[in-house]
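A.B. asks: pasting the structure only:
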């Protein structure tokens, strides 16, 4: 292995270890989850789409664009961990000529992402290589839950494609590589056809235009035809209310950051465009789970690279409902069996469960104005099946 590839291997292993976070102190784990923000596709396009700049961390994507202006795709060939893995797998297949039949789509994808982000529904934002790499390693957090492995599918798919058609990811598909190429051409137009009379920015006249047009149409269609079921799930605190499925990158950061293992990937609850977006699962969806969204925890809101989960303060979290608790009286020990049980009221941190006399027994009633959908009542409910369940707002 060459010196260059040894360095790339070291970068790959280091990034993987940081994302896994095994043995790292809590402060270091938080910074390790900043890896996706190094991509301008996630940091800039995500901020444009969510209409929110996620603090100064958005600036982490600037160095890569500046570097691309001077060295075309230097990051791809020297530092990108996803690119390194795809290239190593590509070497296992000696049939290198197959890629010639595949059109160059990466610049078109970059253009599609840009315009669709402006519209507010950035299609294919989850194709960002740092997002895919991060999602793969974030899936193997402890304790291991099979559902979390869904975020690793894209990584495996790219490796399989690279084995079938060597170099297809880096040379034909990667939108981050396409964005870097476009930036480089912007500063060095003579390298791609300007001398032949094709205009100052030939790439911008063709691939970027076609990609942007397709992305714009897809974004408008995505907003109108999909996302209808996005509200059918309980989202982590701070989730944007509009176009969440489009803005979310499926990077796995929020799942990795949650100290209570409440956030898991969606497998179709919110529609076809919501696959692998984060949803909060309490005991009625995950019977083994007996945790709730602690009222002073906002860890997941601090690590989202796109703004799909906006940063919030503890005070803001106390005012934002994630869902509403619903008492199913036919299952409730107090309501159905006339036995004393107000465990849900004892555990509720927001005093949203009120005791009400009913046939000589105190029964629980939900104060919708106070309930924040944290899941404490659902986690503590002793009934079988569970008698109090948090539903989406």
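C.D. replies: Yep, that arrived. Nothing here was measured: the structure is a model prediction, and the numbers come from that model.

A.B. asks: Could you chop the protein up by domain?
C.D. replies: Taking automatic domain parsing as the domain assignment, the ranges for the chain are 1-320, 322-393.

A.B. asks: Export those domains to JSON lines and append columns for mean neighbour count and mean pLDDT.
C.D. replies: The way it works is simple: take the backbone N, C-alpha and C, and place the C-beta from them, glycine included. JSON lines is the format used below for the domains of the chain (neighbours: other CB atoms under 10 Å; pLDDT from 0 to 100):
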{"stretch": "domain 1-320", "mean neighbour count": "19", "mean pLDDT": "83"}
{"stretch": "domain 322-393", "mean neighbour count": "18", "mean pLDDT": "93"}
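
A.B. asks: what's the closest non-adjacent residue to residue 262?
C.D. replies: Distance criterion CB to CB, 6 or more residues apart in numbering; nearest residue to residue 262, sequence neighbours excluded, is residue 280 at 5.2 Å.

A.B. asks: What distance do you get for the residue lying closest to residue 68 once chain neighbours are set aside to residue 173?
C.D. replies: Spatial nearest neighbour of residue 68, chain neighbours left out: residue 180 (3.8 Å); criterion: CB to CB, 6+ apart. According to CB to CB, to the nearest Å, residue 180 stands 14 Å off from residue 173.

A.B. asks: Walking through the stretch 251-393 of the chain, point out its strands one by one.
C.D. replies: 263-265, 278-280, 323-327, 353-358, 361-366, 388-392 (DSSP state E, counting those that start in this stretch).

A.B. asks: out of everything not next to it in sequence, what's closest to residue 77?
C.D. replies: Nearest one to residue 77, counting by CB to CB, 6+ apart, is residue 83 at 7.4 Å.

A.B. asks: quick check, that neighbour in a helix?
C.D. replies: Yes: assessed with DSSP: H, G, I helix; E, B strand; the rest coil, residue 83 lies in a helix.

A.B. asks: Could you pull up the residues touching it?
C.D. replies: By CB atoms under 8 Å, 6 or more residues apart in numbering, the contact list for residue 83 reads 76-77, 129, 169-170, 174, 177.

A.B. asks: Secondary structure and distance to residue 138 added to the residues you listed, as a markdown table?
C.D. replies: Listed next are the contacts of residue 83 as a markdown table, based on DSSP: H, G, I helix; E, B strand; the rest coil; distance: CB to CB, whole Å:
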| residue | secondary structure | distance to residue 138 |
| --- | --- | --- |
| 76 | helix | 22 |
| 77 | helix | 25 |
| 129 | helix | 14 |
| 169 | helix | 20 |
| 170 | helix | 22 |
| 174 | coil | 20 |
| 177 | helix | 22 |
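
A.B. asks: Tell me the one of those nearest residue 383?
C.D. replies: residue 129 (46.8 Å; CB to CB).

A.B. asks: element containing the nearest residue to residue 306 once chain neighbours are set aside?
C.D. replies: Here the nearest residue to residue 306 in space, its sequence neighbours aside, is residue 46; by CB to CB, 6+ apart that works out to 2.7 Å. Using DSSP states H and E, residue 46 sits within helix 46-50.

A.B. asks: How far off centre is that helix?
C.D. replies: Offset of helix 46-50 from its chain centre (CA atoms, centre = their mean, to the nearest Å): 13 Å.

A.B. asks: what helices or strands is it leaning on?
C.D. replies: helix 106-119, helix 244-247 (3 or more CB pairs under 8 Å, 6 or more residues apart in numbering; DSSP states H and E).

A.B. asks: Include distance to residue 358 when you put those helices into CSV, please.
C.D. replies: Formatted as CSV, the helices and strands packed on helix 46-50 follow (distance: least, CB to CB, whole Å):
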stretch, distance to residue 358
helix 106-119, 52
helix 244-247, 39
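
A.B. asks: Would you mind telling me which of those helices is nearest residue 88?
C.D. replies: helix 106-119 (19.6 Å).

A.B. asks: and whatever helix or strand comes next after that closest one, what does it pack onto?
C.D. replies: With elements assigned by DSSP H and E, the helix or strand that comes after helix 106-119 is helix 129-138. With contacts defined as 3+ CB pairs under 8 Å, 6+ apart, the packing partners of helix 129-138 are helix 3-20, helix 81-90, helix 153-164, helix 175-187, helix 253-257.

A.B. asks: rerun that using 6 Å as the cut-off
C.D. replies: helix 3-20, helix 81-90, helix 153-164 (3 or more CB pairs under 6 Å, 6 or more residues apart in numbering; DSSP states H and E).

A.B. asks: what's the offset of that helix from the middle of its chain?
C.D. replies: The answer for helix 129-138 is 10 Å, by CA atoms, centre = their mean.
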